[in-house]
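[1] let me see the structure of the following:
(chains A and B)
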Amino acid sequence: MNDMLNIALPKGRLGEKVYAMFEKAGFECPSIRETNRKLIFENEKTGVRYFWVKPSDVAIYVERGAADIGVAGKDIIMEYEPDVYELLDLNIGKCSMAVAAPKGFKDDPSRTLKVATKFSKIARDHYASTGRDIDIIHLNGSIEIAPILGLSDVIFDIVETGTTLRENDLEVYETVFPISARLIANKASFKFKNSLCEKILGELKAQTEVNDD
Amino acid sequence: MNFDSGVLDNNEKITYALRSLYSRHGYSQYKMSKFEEYDLYSGNKDFLVSDSVITFNDTNGRLMALKPDVTLSIIKNNRGFKGGVLKLCYDENVYRVSKGTGCFREIMQIGLECIGEVDDFCIGEVLWLAAESLKTVSPDFVLDISDLDLIGAFIDNISSDAEIRKALMKCIGEKNLHGISAICAQNSIGESAAEPLKKLIMTYGTAREVLTQVKELAAGIGAESAADSLARAVSIFDNYEFADRIHIDFSVVSDMKYYNGVVFKGFINGVPGSVLSGGRYDKLMARLHDNSKAIGFAVYLDMLEDINKEEKEYDADIMLVYSPGSDPARLREAADKLTAEGKSVFVAAEGNQSVRCREIYKYADGEVRSLE
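    Predicted coordinates for the structure are as follows:
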């Protein structure tokens, strides 16, 4: 098991895009395209094994060494702060971390700001940097309804196209930082499986540079 | 005292082997109290791996803490040491918050500290002992060595702003080149200012492979002396059998408020994180009003639990089954005869099946016979 390079991919659309990049880089695994419920796929010829995991879990798999490398969003990396190498910005899965509020919202600094979010750590750090007194309401989904129901004043969440916000009469109040998918590596794996890690890094880097052009 | 070393678990074997290694190189075993006054840690929280400390009030009202760290205690208890070098080693439990559970854990840590007139040889010897410690655990190891003075010089080339420097250090630790570009863009710093630092981060490998390039990069920003200092430190490995396992890698970073010069981390194949961490901490000594220089490292035994793990097939070699009413003294004698043959014996009444044994013997009427 340890001889192969274990790669954690985020389940979903982003993961499919990422796999396409790995495939183009020469690390194909045809069985991954078959329609079934399998979560682990390997290609002995190329020496790689792919796992589909929940996007928010990729960083944990890599930090704990269950996966040698993986692809995780910058939001997950900033929230969890795994002790890993962040080797490459893949420039895909682009969106932003933003504060959104009901249209026309005006922040009243004399009151504690109630913030609903899945990203408690990032939100806490962000407001700590400005000295704003906040109350974090940690939610695991459907964050957008929190201000509508009076649970929070604002939400602190990922915004991609803004459609969900618009449909719930919310708007971006403040953009905090841009997000995209990053190639991360376990620090020990990067040393003991270095040549394969470097090869993948080089190939993916070439693809992102072409995309930039 | 004779005993079978087979009864030691893996971490105990590593502890005794490392204690013996350090003792052979003149490091004296240092035993310390489990508690220290909380003040020692509160003033240097950033030095600790986690800033949470278990505290309690002693009977005289003093606020005490269960040791979260060994180095601070050693410095405190040897304050005022003058002349030559103090070479101490320890194996102690420390109490820290685990990242995974968010709860306190007791962690066994073994390591050494060299304090006083620390010169190039002392630095080299500590690096060499770090490599030997890793080799003791597994020959499949890598010791990554970095230099904070050199990194500092490359960062000076970019900015003197504390927040920017902190963000750059984080990126260096992650080999995050795109992050460095983003920091430069956000702060209107020309990309060219960061190019030497990016090149330094990407210069990693064995000392033999990369030292010349490191010196060239350092010369480009006028940091030759820091590069020379690193070269002198790693020269201890010039004829080392495992020289290809000693790497220069600038992604090893530590807090520059406390550490300076050489810092290092050790990795073992099969363990997902670093198992050894150390460096020079002259700056910590200065913060504690001590002019001495110092260097040391710790091996984290909790990281090694899964190394060389042997599945125990049996709990004992022999199960000696006896019938109700058997004479205890004669039964004990029968068991002793078997243990004298070097076998472990679990003596049990009939019907006890909770223990896995290689063989089952029956004791009846003063006789022992095999059932299998």
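[2] ok, for the residue in chain B that chain A sits nearest to, nearest residue in space, not its chain neighbours?
    Minimum separation of chain B from chain A (C-beta to the nearest C-beta) falls at B:Pro272, amounting to 2.6 Å. For glycine as for every other residue, the C-beta is placed from the backbone atoms N, C-alpha and C. In space, and not counting its chain neighbours, B:Pro272 is closest to A:Gly65: 2.6 Å by C-beta to C-beta, 6 or more residues apart in numbering or on different chains.
[3] now do the contacts for the one you found.
    By C-beta atoms under 8 Å, 6 or more residues apart in numbering or on different chains, the contact set of A:Gly65 is A:Asn186, A:Ala188, A:Ser189, B:Val271, B:Pro272, B:Gly273.
[4] rerun at 7 Å
    Contact analysis of A:Gly65 by C-beta atoms under 7 Å, 6 or more residues apart in numbering or on different chains lists A:Asn186, A:Ala188, A:Ser189, B:Pro272.
[5] ok, now A:Asp157?
    A:Ala100, A:Thr117, A:Lys118, A:Ile143.
[6] would you double-check that it falls in a strand?
    Yes. According to DSSP: H, G, I helix; E, B strand; the rest coil, A:Asp157 belongs to a strand.
[7] show me which residues of chain B sit near chain A.
    Contact residues (C-beta under 7 Å from any C-beta of the partner chain) of chain B with chain A: B:142, B:174-176, B:178-179, B:251, B:267, B:269-274.
[8] helix, strand or coil for the residue of chain B closest to chain A?
    Following three-state DSSP, B:Pro272 is assigned to coil.
[9] and stretch B:255-263, which residues are buried?
    Using 16 or more other C-beta atoms under 10 Å in any protein chain shown as the test for burial, stretch B:255-263 gives B:Asp255, B:Met256, B:Tyr258, B:Tyr259, B:Asn260, B:Gly261, B:Val262, B:Val263.
[10] follow-up on the earlier one: show me which pair in the contacts of A:Gly65 is furthest apart.
    A:Ser189 and B:Pro272 (7.6 Å; C-beta to C-beta).
[11] okay, and which of the contacts of A:Gly65 map to strands?
    A:Asn186 (DSSP state E).
[12] could I get the contacts of A:Gly65 as JSON lines with pLDDT and distance to B:Lys67?
    JSON lines is the format used below for those (pLDDT from 0 to 100; distance: C-beta to C-beta, whole Å):
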{"residue": "A:Asn186", "pLDDT": "98", "distance to B:Lys67": "30"}
{"residue": "A:Ala188", "pLDDT": "97", "distance to B:Lys67": "27"}
{"residue": "A:Ser189", "pLDDT": "96", "distance to B:Lys67": "32"}
{"residue": "B:Pro272", "pLDDT": "93", "distance to B:Lys67": "26"}
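[13] which among the contacts of A:Gly65 gets closest to B:Thr136?
    Using C-beta to C-beta, A:Ala188 comes nearest to B:Thr136 of the contacts of A:Gly65, at 17.8 Å.
[14] tell me the spacing between the closest one and B:Gly80.
    For A:Ala188, the distance to B:Gly80 equals 40 Å [C-beta to C-beta, to the nearest Å].
[15] give me the more crowded residue out of these two.
    Ranked by neighbour count (other C-beta atoms under 10 Å in any protein chain shown), A:Ala188 and B:Gly80 place A:Ala188 first, with 21 against 6.
[16] now do the contacts for that one.
    A:Ala188 is in contact with A:Gly65, B:Phe267, B:Val271, B:Pro272, B:Gly273, counting by C-beta under 7 Å, 6+ apart.
[17] identify the farthest-apart pair in these.
    A:Gly65 and B:Phe267 (10.7 Å).
[18] report the strands that pair with the host helix or strand of B:Lys87, each with its relative direction.
    In the assignment (DSSP states H and E), B:Lys87 maps to strand B:85-97. The sheet places strand B:85-97 alongside strand B:28-29 (parallel), strand B:104-116 (antiparallel), with pairing taken from DSSP bridges.
[19] for it, buried residues please.
    B:Val85, B:Leu86, B:Lys87, B:Leu88, B:Cys89, B:Tyr90, B:Asp91, B:Glu92, B:Val94, B:Tyr95, B:Arg96, B:Val97.
[20] can I get those residues in TSV including pLDDT?
    Output for the buried residues of strand B:85-97, formatted as TSV (pLDDT from 0 to 100):
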residue	pLDDT
B:Val85	93
B:Leu86	94
B:Lys87	96
B:Leu88	95
B:Cys89	96
B:Tyr90	94
B:Asp91	93
B:Glu92	90
B:Val94	89
B:Tyr95	89
B:Arg96	85
B:Val97	85
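[21] among the buried residues of stretch B:255-263, which ones are in helices?
    Among these, DSSP state H puts none in helices.
[22] which of those residues fall in strands?
    Under the assignment DSSP E, the buried residues of stretch B:255-263 contribute B:Asn260, B:Gly261, B:Val262, B:Val263 to strands.
[23] check contacts around the third one.
    This means B:Val262. B:Val262 makes contact with B:Ile123, B:Leu127, B:Ile145, B:Asp147, B:Leu230, B:Ala233, B:Gly279, B:Arg280, according to C-beta under 7 Å, 6+ apart.
[24] could you list the low-pLDDT ranges of chain A?
    Low-confidence segments of chain A (pLDDT under 70): A:1-2, A:211-213.
[25] alongside chain B, which residues does it contribute?
    Checking chain A against chain B by C-beta under 7 Å from any C-beta, the hits are A:2, A:64-65, A:83, A:85-89, A:186-188, A:191-192.
[26] may I have the top helix by length along chain A exported as CSV, CA atoms only?
    If you go by DSSP H, chain A has its longest helix at helix A:194-212. Output of helix A:194-212 as CSV, limited to C-alpha atoms (Å, rounded to 0.1, in the frame of the first residue of the first chain):
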residue,chain,number,x,y,z
ASN,A,194,9.9,12.8,-3.6
SER,A,195,10.5,11.9,-7.3
LEU,A,196,6.9,11.0,-8.0
CYS,A,197,5.6,14.1,-6.0
GLU,A,198,8.0,16.3,-8.0
LYS,A,199,7.0,14.8,-11.3
ILE,A,200,3.3,15.4,-10.6
LEU,A,201,4.0,18.9,-9.3
GLY,A,202,6.0,19.7,-12.5
GLU,A,203,3.3,18.4,-14.8
LEU,A,204,0.5,20.2,-13.0
LYS,A,205,2.5,23.4,-12.8
ALA,A,206,3.0,23.3,-16.6
GLN,A,207,-0.8,23.0,-17.0
THR,A,208,-1.6,25.9,-14.7
GLU,A,209,1.0,28.1,-16.5
VAL,A,210,-0.6,27.3,-19.9
ASN,A,211,-4.0,28.2,-18.4
ASP,A,212,-2.5,31.5,-17.0
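[27] packing partners of that helix?
    Judged by 3 or more C-beta pairs under 7 Å, 6 or more residues apart in numbering or on different chains; DSSP states H and E, helix A:194-212 is in contact with helix A:13-24, strand A:84-89, strand A:181-186.
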